[in-house]
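Undergrad: Fold the stuff below for me.
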Amino acid sequence: MEPIIHFNPTSLAKPSTHPSNGSLQRRIDFTPLDLQLLPVNYIQFGLLYNKPTPKQLEELGNSVIDHLKDSLSRTLGIFTPLAGRLAITEHQDKTRSFYLDCNGEGAQFIEAVAPGVTVAQILEPTYVPEVVYSLLPMEGVRNFEGVSKPLLAVQVTELDVSCYPQLERSPILNSALREVKIFHFSKKSIAALKAKANAQFGSCSASNISISSLQAIIAHFWRSITRVKLHQVEEETHCKISVNVRHRLRPPLPDKYLGNAVVVGSTTATAGELLEHGLGWTALQVNKMIARQTDEEIKKNLKAWKMIQNS
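TA: Residues are numbered from 1 along each chain as shown. So this is what the prediction gives:
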């Protein structure tokens, strides 16, 4: 039997500074990097907190919920786009353009109580329990639905022993049958993987390439998944990862740029190559794929994507 979660009426948190203020930009047009993510699901994540002590509540001077609402409102006054909605412009050639209307309509704020759910029930199972998805108010919602839905939702769910607030901003894939597991690597094991990868590829490259910790972990997963799936040696496998292009573009994007600045890089190898050459060679393929994401390559791919959309 699934735990029952009780929801209080939903409210909207408005930005403390309204977009009617002349110093604020009302319309933000999307770049191709933004448009490519419209079909993708909202990003969602959760944070676990202890309940405030009586002393903390006394110092706060008001309820936790009121304090969170006020903090959210002040935050939206700084990050005003998160309080807006997506909008569509219809063109004479029957095409459509999406943009962000910073209209200050507000972010969704939800209060809930889950009397049958404990922290242990969330953290201890091998696979992520289904109840977790009940704590995510935008589960299954895709980015293009931001035309009518909030771009940001905050839900505070009181568990049996702690508070579980989570914020989300407009990708987790939705599936009726899903088994999701979180793998935790210790600092020691990550360092060992990185050292092994760098030692293995060693002299195979004359350049001063260095394998990062993340590249070593990705390579480890790629090889492990390939081994478990029992691919034929000649069968091609693909590794796709998101690459931050914020500082790869020329000129680079400013640090305060709020839009999306990622592309999906892809590299291919046969199952036989992955298992024969080892961790170092595999990590090197990941390293090279990331290095290929240059300003020229990114703009060429975005131009090709735009041509496909217009065809």
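Undergrad: State the distance from the residue most central in space within the chain to Leu152.
TA: Geometric centre of the chain, nearest residue: Ile43, 4.5 Å, by CA atoms, centre = their mean. Ile43 sits 10 Å away from Leu152 when distances are taken as CB to CB, to the nearest Å. Every C-beta, even on glycine, is put in place using the N, C-alpha and C of the backbone.
Undergrad: Check Pro15 too.
TA: The value you get for Pro15 to Leu152, if CB to CB is used, is 11 Å.
Undergrad: Also Gln56?
TA: Distance, Gln56 to Leu152, by CB to CB: 26 Å.
Undergrad: Likewise for Ala107?
TA: Taking CB to CB, one finds Ala107 at 4 Å from Leu152.
Undergrad: can you list residues touching both of those two?
TA: In terms of CB atoms under 8 Å, 6 or more residues apart in numbering, Ala107 and Leu152 are both contacted by the residues Leu76, Leu82, Ala83.
Undergrad: Out of these, which is nearest to Gly146?
TA: Leu82 (10.5 Å; CB to CB).
Undergrad: which of the residues in stretch 150-162 are buried?
TA: By 16 or more other CB atoms under 10 Å, the buried positions in stretch 150-162 come out as Pro150, Leu151, Leu152, Ala153, Val154, Gln155, Val156, Thr157, Glu158, Leu159.
Undergrad: now do stretch 56-74
TA: Here stretch 56-74 shows Val64, Leu68, Lys69, Leu72, Ser73 as buried, counting by 16+ other CB under 10 Å.
Undergrad: Make sure I have this right: Gln285 is in a helix.
TA: Yes: the assignment for Gln285 is a helix, going by DSSP: H, G, I helix; E, B strand; the rest coil.
Undergrad: which residues does the closest residue to it other than its chain neighbours bridge with?
TA: Spatial nearest neighbour of Gln285, chain neighbours left out: Thr267 (5.1 Å); criterion: CB to CB, 6 or more residues apart in numbering. With DSSP bridges as the criterion, Thr267 is bridged to Cys239.
Undergrad: which residues sit in contact with Thr267?
TA: Counted by CB under 8 Å, 6+ apart, Thr267 has contacts His238, Cys239, Gln285, Val286, Lys288, Met289.
Undergrad: rewinding a little: relative to Ser212, how far out is the residue nearest to the centre of the chain?
TA: The gap separating Ile43 from Ser212 is 23 Å, by CB to CB.
Undergrad: What of Val262?
TA: In terms of CB to CB, Val262 sits 17 Å off from Ser212.
Undergrad: circling back to that earlier point, pull out the buried members of the contacts of Thr267.
TA: Judged by 16+ other CB under 10 Å, buried ones among the contacts of Thr267: Cys239, Gln285, Val286, Met289.
Undergrad: I'd say Gln25 and Asp101 touch.
TA: No: using CB atoms under 8 Å, Gln25 makes no contact with Asp101, being 10.7 Å away.
Undergrad: higher neighbour count, these two?
TA: More crowded of Gln25 and Asp101, by other CB atoms under 10 Å: Asp101, with 18 against 10.
Undergrad: Which residues does the more buried one form beta bridges with?
TA: On the basis of DSSP bridges, Asp101 is bridged to Arg27, Arg85.
Undergrad: Verify the stated contact: it with Arg26.
TA: Yes: counting by CB under 8 Å, Asp101 does reach Arg26; the two are 7.1 Å apart.
Undergrad: Quickly list what's touching both of the two.
TA: Common neighbours of Asp101 and Arg26 (CB under 8 Å, 6+ apart) do not exist.
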